[in-house]
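Student: dropping a prediction and its sequence here:
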Amino acid sequence: MMLLAALSLLTWVYLVLLHGRFWQSGPSLSPARPRRAPAVAVVVPARDEAEVIEASLASLLAQEFEGSLSIVLVDDGSADATAAIARRFDDARLRVLAGAARPRGWAGKLWAVAQGVAATDGEWLLLTDADIVHAPAHLATLLAQAEQSGADLVSEMVVLNCTSAAERALVPAFVYFFQLLYPFTRVNRTASRVAAAAGGTMLVRRAALERIGGIAAIRDALIDDVALAAAIKQSGGRLWLGHATLARSIRRYPRLLDIWRMVARSAYVQLRTSPLLLAATVFALALVFLVPPLAVLLGHGAARWFGFAAWALMAATLLPTLRRFALSPLCAPLLPLAALFYMAATIGSAVDHHRGRGVVWKRRAYTEGAA
């Protein structure tokens, strides 16, 4: 126990001091206007989004933007009234496209996005999920950031719902773990190989997308935002990733089971469906997040003090994220419980995969191999 506790503490010292300041609040955008207003095409892939699509499209059509704006909603085989609700908008800027059958080898969402991209023109593309509500200044602010930073892909971790007990317990940890995997400062540094994006809103330069071969270059990716960012950065493009203040998700996850399914659909895919990577990930999660409290509760002497120090560092790094969600700092020591939940969901994802069950999300089974 003493050896594990010491190793955990050393890991936390490294994470705090040398891991891209992942724990800090991170960059965010304030309302701004670009010097020029280029043509922008918005692509919204939508599958069974009747509960949220009206609010999302209304916010896009209300953008305070002086340039040319067109919006294409691609109905990805919805079984509800998604397309009908979208067609109620009497606005020439909005087009509703019935998605074609998905070819083999394509992830469903990316096939819908590819059809939307092909149906549009414009210098910039805004790829946004159907559950995102945009403040009127959002698009102009994204363009201003791209103009200022020279980025080919500007994306944001949108403000997520955090109202139910399940969301308060697990959503801040979700954002925290994303920052731990992809420190924003490293993503935004051209010299770093770390690449990531947050798929809720991604403003992409069309020339950069064409340079990598279009959406087809990542057609089988289930974690499409990270795959797109990696492809653009590897091609010499620049990334900017931050936290949103002008975009929020209105999708709710009221139960623990809802969050479990959201994680499980892609967790094992992110590990390349590799049992070895799964074992390494579980060990790493246990060492970093579970050993400290276990050492405090079960250890003796130096092991207990090492565990306490590691647990204190862990809790301290969560505080900026808790402030972002307006949650009490007293929640910080409970991070190991959230880590245990995500670890279990990842193992569950692997078990489902190897039993041939896969994950069903919006009536679509995620059983095909994917990058």
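Tutor: The structure has been received and is ready for your questions. Residues are numbered from 1 along each chain as shown.

Student: okay, strands next: where are they in the stretch 151-300 of the chain?
Tutor: 153-159, 201-205, 239-249 (DSSP state E, counting those that start in this stretch).

Student: is it possible to export those to a markdown table including mean neighbour count?
Tutor: For glycine as for every other residue, the C-beta is placed from the backbone atoms N, C-alpha and C. Converted to a markdown table, those look like this (neighbours: other C-beta atoms under 10 Å):
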| stretch | mean neighbour count |
| --- | --- |
| strand 153-159 | 25 |
| strand 201-205 | 25 |
| strand 239-249 | 22 |
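
Student: who wins for proximity to F184 among the ones you listed?
Tutor: Of all those, strand 239-249 sits nearest to F184, with 5.2 Å by C-beta to C-beta.

Student: just checking, what packs against the closest one?
Tutor: Strand 239-249 is packed against strand 132-134, helix 138-149, strand 153-159, helix 184-187, helix 224-234, with contacts defined by 3 or more C-beta pairs under 8 Å, 6 or more residues apart in numbering; DSSP states H and E.

Student: for A98, find the nearest of the strands of the stretch 151-300 of the chain.
Tutor: Going by C-beta to C-beta, the one of the strands of the stretch 151-300 of the chain nearest A98 is strand 201-205, 23.4 Å.

Student: low-confidence stretches in the stretch 251-371 of the chain?
Tutor: 357-371 (pLDDT under 70).

Student: show residues contacting stretch 1-11.
Tutor: Outside stretch 1-11, the residues that touch it by C-beta atoms under 8 Å, 6 or more residues apart in numbering are 287-288, 291-292, 294-295, 298-304, 306-307, 309-310, 313.

Student: apply 6 Å and report the result again.
Tutor: Residues from elsewhere that reach stretch 1-11, judged by C-beta atoms under 6 Å, 6 or more residues apart in numbering: 287-288, 291-292, 295, 299, 302-303, 306-307, 309-310.

Student: and if you look at stretch 131-150?
Tutor: 29, 31-34, 52, 55-56, 59-60, 62-65, 154, 158, 200, 203, 238, 240, 246-251.

Student: among the strands of the stretch 151-300 of the chain, which is nearest R93?
Tutor: strand 201-205 (17.3 Å).

Student: chain center to the closest one, what's the gap?
Tutor: Put simply, strand 201-205 sits 13 Å off its chain's centre (C-alpha atoms, centre = their mean, to the nearest Å).
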